[in-house]
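# give me a 3D structure for the following:
(chains A and B)
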Protein chains: 2
Amino acid sequence: MSRGLLMVVSGPSGTGKGTVCGELLAQTPELAYSISATTRKPREGEVDGKNYYFMDKAQFEKMIEEGGFLEYANVYGNYYGTPLGKIEERLAAGEDILLEIDTQGALNVMKKCPDGLFIFLLPPSIGELERRIRGRGSETAESLAKRLGAAKEEIAIGRKYGYVVVNDTVKRAVERIKSIMVAEHCRVDKNYDIFEELEQ
Amino acid sequence: MSRGLLMVVSGPSGTGKGTVCGELLAQTPELAYSISATTRKPREGEVDGKNYYFMDKAQFEKMIEEGGFLEYANVYGNYYGTPLGKIEERLAAGEDILLEIDTQGALNVMKKCPDGLFIFLLPPSIGELERRIRGRGSETAESLAKRLGAAKEEIAIGRKYGYVVVNDTVKRAVERIKSIMVAEHCRVDKNYDIFEELEQ
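So this is what the prediction gives:
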């Protein structure tokens, strides 16, 4: 039984991580999703325990103290974190796990899990990124400018990742991520058991 | 323009390299095939300049002296080699090139082109490998035993490759190789141009 993949999908705010990961999960039933915890307010349609574990600040900080997060970060005044829970156990059992987190969180996971699979999602252009952030409709002019500036800074961080996927269309981005998963499972160091079997 | 992939598909004798690479090329018109040269006799149906460049020993040795091969090897008394030709020029122009060569040749290419993409094709089992070599019908009992022994030794070499693909069915093996190609094109070091564009 080879170890599962810890697949981290991340990228600047507004690149469409949520949509891409949702479609990826729908097409890949064997991929398990690690639900993040956050102190930010739910957006319309978001469900507690499905999109996020919504917590208040006190609950979140208690969990930090108890060492309950693989990583956590404070983004625009809100906490986001990955509950450690059963991640390690599930990877050891061969399950692939998807983490959808922001770039700050991904950098922390890189330190703790350098053998993870780090995928950076990019918008096809800066113009398209602006359009997407505007389209979300939850931004003031000030917060839009702040987010765009932050996004450009975040893009530079992508060079530290293993893979980069341009989200030109959700369909193509999902296909590319699925290909990366297949390829990673074909890496020689994931298949020593096959060699041992054939060489007997 | 990012550099093309030098994709080396290799594996023990009888794993079905030829069939898998043929189907891969049929499905991937943008993939260019590097035709090998050999001094072995053509098998039924093989065409000079398509399957191989068939040469006599004197021609082949002259080309060795002139430095005309990326790699060459002597396998079971026959020469096999990869004509250098326009490979470097085509990679620089962004073309992906497929080399289908034996394990000995692949080890030589690894030394010269460590940034190549090395895929080791495996039979699903030793029993299946024996069946396939027998099925080719061109083997005596002695040469069959020789080939099987050599195949087991060659399998160990696969650990030096980057990827391993089990040829359980041609369809699935081809799908896996196509996924590996997509994934390799998503590697961050193949996409620095996108970062530069977005950061302007």
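# only C-alpha atoms for contact and neighbour calcs from this point on.
Fine.
# low pLDDT regions in chain A?
A:1, A:136-139 (pLDDT under 70).
# get me the contact residues on it for chain B.
A:125-126, A:152, A:155-156, A:158-159, A:161-165, A:176-180, A:182-183, A:186-189, A:191-192, A:195, A:198-199 (CA under 8 Å from any CA of the partner chain).
# which of those are buried, as a ChimeraX select command?
The following ChimeraX line selects those of the residues of chain A next to chain B that are buried, judged by 16 or more other CA atoms under 10 Å in any protein chain shown:
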select /A:125,126,152,155,158,159,161,163,164,165,176,177,178,179,180,182,183,186,187,188,189,191,195,198
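# partner residues bridging the residue nearest to the spatial centre of chain A?
Nearest residue to the geometric centre of chain A (CA atoms, centre = their mean): A:E100, 2.0 Å. Here A:E100 sits in beta bridges with A:V9, as judged by DSSP bridges.
# so who does it touch?
Residues counted as contacts of A:E100 (CA atoms under 8 Å, 6 or more residues apart in numbering or on different chains) are A:8-10, A:17-18, A:21, A:34, A:36.
# repeat that for 6 Å
By CA atoms under 6 Å, 6 or more residues apart in numbering or on different chains, the contact set of A:E100 is A:8-10.
# reformat those as a markdown table; add distance to A:M63.
Below are the contacts of A:E100 laid out as a markdown table (distance: CA to CA, whole Å):
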| residue | distance to A:M63 |
| --- | --- |
| A:V8 | 22 |
| A:V9 | 23 |
| A:S10 | 23 |
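# so which of those is the most crowded?
Of all the contacts of A:E100, the most densely surrounded is A:S10 (28 neighbours; neighbours counted as other CA atoms under 10 Å in any protein chain shown).
# show me the residues of chain A next to chain B that map onto strands.
If you go by DSSP state E, the residues of chain A next to chain B have A:163-165 in strands.
# doesn't A:R43 belong to a strand?
No - per DSSP: H, G, I helix; E, B strand; the rest coil, A:R43 lies outside any strand segment and is coil.
# can you give me the helices in chain A?
For chain A, the helices defined by DSSP state H occupy A:17-27, A:57-65, A:87-92, A:103-112, A:126-136, A:141-157, A:170-185, A:192-198.
# turn those into TSV, columns for distance to B:Y79.
Compiled in TSV, the helices of chain A are given as follows (distance: least, CA to CA, whole Å):
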stretch	distance to B:Y79
helix A:17-27	47
helix A:57-65	64
helix A:87-92	46
helix A:103-112	47
helix A:126-136	54
helix A:141-157	49
helix A:170-185	32
helix A:192-198	28
